Structures are given as C-alpha cells and as structure tokens.
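A.B. asks: Pasting the sequence and the predicted model now:
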Amino acid sequence: MSNSEFTPKVGLDAVGLTNLGGVMWNATPATLYEEFVMNGEGLIAADGPMCAETGKYTGRSPEDKFVVE
C-alpha cells in the first residue's frame, strides 16, 4: 500500500529497512485511523484519541542495572 500524494526520493532500504509489507507515505489522519482500527491495533476513545494496548512489555525495566566504565 502506498499513498500517491508523495513520492520519496530515497527508499526506506537506504536507512536499513527492508522486506516491508507495505508503506504509507503522508497518509491522511482518516487513513491512519482506518488502518489502526482494521489492523486491531487499539480502540478509538471518546472525543477521538487512539488508544493502543502496549502489552506485557512496556520497555521499562526498573530492576536492570547497567555499569558504564
């Protein structure tokens, strides 16, 4: 899938992103909402914000300790 309103001069493979199933360039807010809901990525809350479930792993690891020398 792609949005024909914008044609990039450089592909995403130039920054190391390869084997992508589909890419949207400059998608409208309406298109982003449709994709968000159709892909089951979350819900639309009252007054319109997108609410996504982050799952079990939120990226916070308070027990991890790192020592930099």
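C.D. replies: Received it, and whenever you're ready, just let me know what you need.
A.B. asks: Which secondary structure elements does the helix or strand harbouring residue 33 sit against?
C.D. replies: Using DSSP states H and E, residue 33 sits in helix 29-38. Here helix 29-38 touches strand 42-44, strand 50-52, going by 3 or more C-beta pairs under 8 Å, 6 or more residues apart in numbering; DSSP states H and E. Glycine gets a C-beta too; all of them are placed from N, C-alpha and C.
A.B. asks: Go ahead and produce PDB holding the CA coordinates of that helix.
C.D. replies: This file holds the C-alpha atoms of helix 29-38, laid out as PDB (Å, rounded to 0.1, in the frame of the first residue of the first chain):
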ATOM      1  CA  PRO A  29      -5.400  11.200   9.600                       C
ATOM      2  CA  ALA A  30      -8.600   9.400   8.300                       C
ATOM      3  CA  THR A  31      -6.400   6.800   6.600                       C
ATOM      4  CA  LEU A  32      -4.300   6.300   9.700                       C
ATOM      5  CA  TYR A  33      -7.500   5.800  11.900                       C
ATOM      6  CA  GLU A  34      -8.900   3.300   9.400                       C
ATOM      7  CA  GLU A  35      -5.700   1.300   9.300                       C
ATOM      8  CA  PHE A  36      -5.400   1.400  13.100                       C
ATOM      9  CA  VAL A  37      -8.900   0.000  13.600                       C
ATOM     10  CA  MET A  38      -8.800  -2.500  10.800                       C
END
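A.B. asks: where in this protein is pLDDT low?
C.D. replies: Across the chain, residues meeting the criterion (pLDDT under 70) sit at 1-8.
A.B. asks: Repeat the analysis, applying 80 as the threshold.
C.D. replies: Where the chain drops to pLDDT under 80, the residues are 1-11, 22, 53-69.
A.B. asks: hang on, the earlier thing: please tabulate the helices and strands packed on helix 29-38 in a markdown table and include distance to residue 27 and mean neighbour count as additional columns.
C.D. replies: A markdown table is the format used below for the helices and strands packed on helix 29-38 (distance: least, C-beta to C-beta, whole Å; neighbours: other C-beta atoms under 10 Å):
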| stretch | distance to residue 27 | mean neighbour count |
| --- | --- | --- |
| strand 42-44 | 16 | 13 |
| strand 50-52 | 13 | 11 |
